[in-house]
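*Asks:* give the three-dimensional model of this entry:
(chains A, B, C and D)
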2 protein chains.
Amino acid sequence: MLKKERHDFIMRQINLHNRVLTSDLVQLLNVSEDTIRRDLQELVDENLLYKVHGGALSKSYHSSFDDSTVYARDSKIAIGKKAVQLIKDGMVVLTGGGTTILEFVKLLPQGLSATFFTISPLVAVELAKYNNIEVILIGGLFSKNSQVTYGGQVITQLSEIKADLCLMGTSAIHPEEGLTDTYWEINQLKKAMLACAKRTGVLCISEKLDIALRLRVCPIESISYLITELDVEHESLSRYREKELNIL
Amino acid sequence: MLKKERHDFIMRQINLHNRVLTSDLVQLLNVSEDTIRRDLQELVDENLLYKVHGGALSKSYHSSFDDSTVYARDSKIAIGKKAVQLIKDGMVVLTGGGTTILEFVKLLPQGLSATFFTISPLVAVELAKYNNIEVILIGGLFSKNSQVTYGGQVITQLSEIKADLCLMGTSAIHPEEGLTDTYWEINQLKKAMLACAKRTGVLCISEKLDIALRLRVCPIESISYLITELDVEHESLSRYREKELNIL
DNA sequence: CGCGTTTTTGCGTGTTTTTGCAATAAAATA
DNA sequence: TATTTTATTGCAAAAACACGCAAAAACGCG
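*Replies:* Numbers count the residues shown, from 1 in each chain, chains lettered A, B, ... in the order given. Have a look, this model is predicted:
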């Protein structure tokens, strides 16, 4: 293998996973540690990555580290970790869009082998970083606000899918009113998504609890899992515990 | 064996495997290392490949390790500016993916009112920033390498579209061989894209000129506009000027 | 044809690049 | 602190490379 090819390989790994371990590269590329170290040093000289003890980091990673632009990022990561537990090898999963789902995707285990349908381009791009995940992007009109595809075509395609699990973010959830939304199109979309999955998980930061908006998506009983960043025993969730749904 | 034959052989190997080792060529062609090295140097002078220690690499093999640092960004912006001139209010445009297209999208005028179909999630997200552009994302299997949707479903959907203009990036273009590609799926995809647009523009940085890969997408005559970062009168384009296509 | 010129090719020689190893230093971990 | 893991440095061997040279072949032209 040529040096340039090795460099390209390393850069691909870095851009894919934002980080790379020297020891992993040694195995993957089947060369000595010294060679990898020299490679990394040369890439540093070309200003393409950061070198740290044990491996290297992507440059864009550092800039996206102060990515505090994502509102309540810590909470969303906590939710993501819980949601990951629902995913098993071989599953067919349907996801919506939103920053919470995005954080969830970033937390999936590397080796996971599964099929993901999604209406969110950004989620698709993130999912594509996993080698063993098949990604199907559902196409249609693209919403400027919610950054997902919507409209009749999307709903038609959804009707042809049978997923094991549907994961979606939420605008509002209420113990009596269930899942609600403000926009007609998004409302229709969520109904269609619910309809094609055996079970549904709702990812919901605590501040969206106990809110009801104009349009009803589904009653609370239609939801299988409610996933928040709060402890399962937290009192804010007491009124949801009475209902027939699993709280994570 | 004549020198020209050797050169052709080397280029075939390169386009087939994206790389070639000096030592392999020595064996295959049964000549001395020096001859191979001279050959490679001459091919470099003709701008047909990259020479590296140990062999040579294809020019089209510019692995997508550009996340933050888009390769040849200036050139791509120059191309984008030219491509923008083709877009008029009310048009229906179909675009592929790739960094060149992405730069083009960023350069569109704010007020533009048009309809864009695209197979690239990233392009869709970028297009969504324009208020008066309707964005339709064509869904299907999502390719981890090229970051676009592909496969039967995409092609079916494309067949239902009638676009005024199709804009695509390119892996390789050659005055005689036309547009070519390495992967079957992408090849099929590009054919389908061409078929549904009245006119086609190819965005092509100059280093992709005069390269022919394994699979033919279309002859050069099927292209309406060739858009490079070079001046229209540049000599590298002379062999394309003889053909029936507009050069921007 | 003859003769000078150019092109092509391989060889020898010295240089540079690449790579792994060993010894030592530094950092992380327990 | 002790131990393990990771880095650094210098060194040496192998591989790849560049350059000049010369023989052979191809070419041009009177």
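*Asks:* all contacts plus neighbour counts: C-alpha atoms, from now on.
*Replies:* Noted.
*Asks:* domains for chain A, by residue range?
*Replies:* As assigned by automatic domain parsing, chain A contains the domains A:3-65, A:73-247.
*Asks:* looking at these, which is closest to chain B?
*Replies:* Of all the domains of chain A, it is domain A:73-247 that lies closest to chain B, at 3.4 Å by Cα to the nearest Cα.
*Asks:* now the end-to-end length of the closest one.
*Replies:* 21 Å (Cα to Cα, to the nearest Å).
*Asks:* now the farthest one out in chain A, which residue is it?
*Replies:* A:D34 (36.3 Å; Cα atoms, centre = their mean).
*Asks:* hang on, the earlier thing: please identify the deepest-packed of the domains of chain A.
*Replies:* Of all the domains of chain A, domain A:73-247 carries the top mean neighbour count, a mean of 19, counting by mean count of other Cα atoms under 10 Å in any protein chain shown.
*Asks:* need the mean per-residue confidence for that domain.
*Replies:* In this model, domain A:73-247 has a mean pLDDT of 93.
*Asks:* again, but for stretch A:52-61
*Replies:* 84.
*Asks:* what's in contact with it?
*Replies:* Stretch A:52-61 is contacted by residues A:14-15, A:18-23, A:40, A:48-51, B:67-68 when judged by Cα atoms under 8 Å, 6 or more residues apart in numbering or on different chains.
*Asks:* please go through those and note which also touch DNA strand D.
*Replies:* A:T22, A:S23 (Cα under 7 Å from any atom of the strand).
*Asks:* now, which of the contacts of stretch A:52-61 lie within helices?
*Replies:* Under the assignment DSSP state H, the contacts of stretch A:52-61 contribute A:I14, A:N15, A:T22, A:S23, A:L40 to helices.
*Asks:* ok, now how distant is the closest residue to A:T200 other than its chain neighbours from A:R199?
*Replies:* In space, and not counting its chain neighbours, A:T200 is closest to A:C166: 4.6 Å by Cα to Cα, 6 or more residues apart in numbering or on different chains. Applying Cα to Cα, the value for A:C166 to A:R199 is 6 Å.
*Asks:* what touches both of those two?
*Replies:* Residues touching both A:C166 and A:R199 (Cα under 8 Å, 6+ apart): there are none.
*Asks:* look up phi and psi at A:A56.
*Replies:* phi -150, psi 160 (degrees, to the nearest 10).
*Asks:* could you do A:A72 as well?
*Replies:* Per-residue torsions, A:A72: phi 50, psi 50 (degrees, to the nearest 10).
*Asks:* which residues of chain A lie near DNA strand C?
*Replies:* Counting by Cα under 7 Å from any atom of the strand, chain A sits next to DNA strand C at A:M1, A:L2, A:K3, A:N30, A:V31, A:S32, A:E33, A:D34, A:T35, A:H53.
*Asks:* tabulate these (TSV), appending distance to A:I155 and secondary structure.
*Replies:* What follows is the residues of chain A next to DNA strand C, written out as TSV (distance: Cα to Cα, whole Å; DSSP: H, G, I helix; E, B strand; the rest coil):
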residue	distance to A:I155	secondary structure
A:M1	48	coil
A:L2	49	coil
A:K3	49	helix
A:N30	48	coil
A:V31	51	coil
A:S32	53	coil
A:E33	52	helix
A:D34	54	helix
A:T35	52	helix
A:H53	49	coil
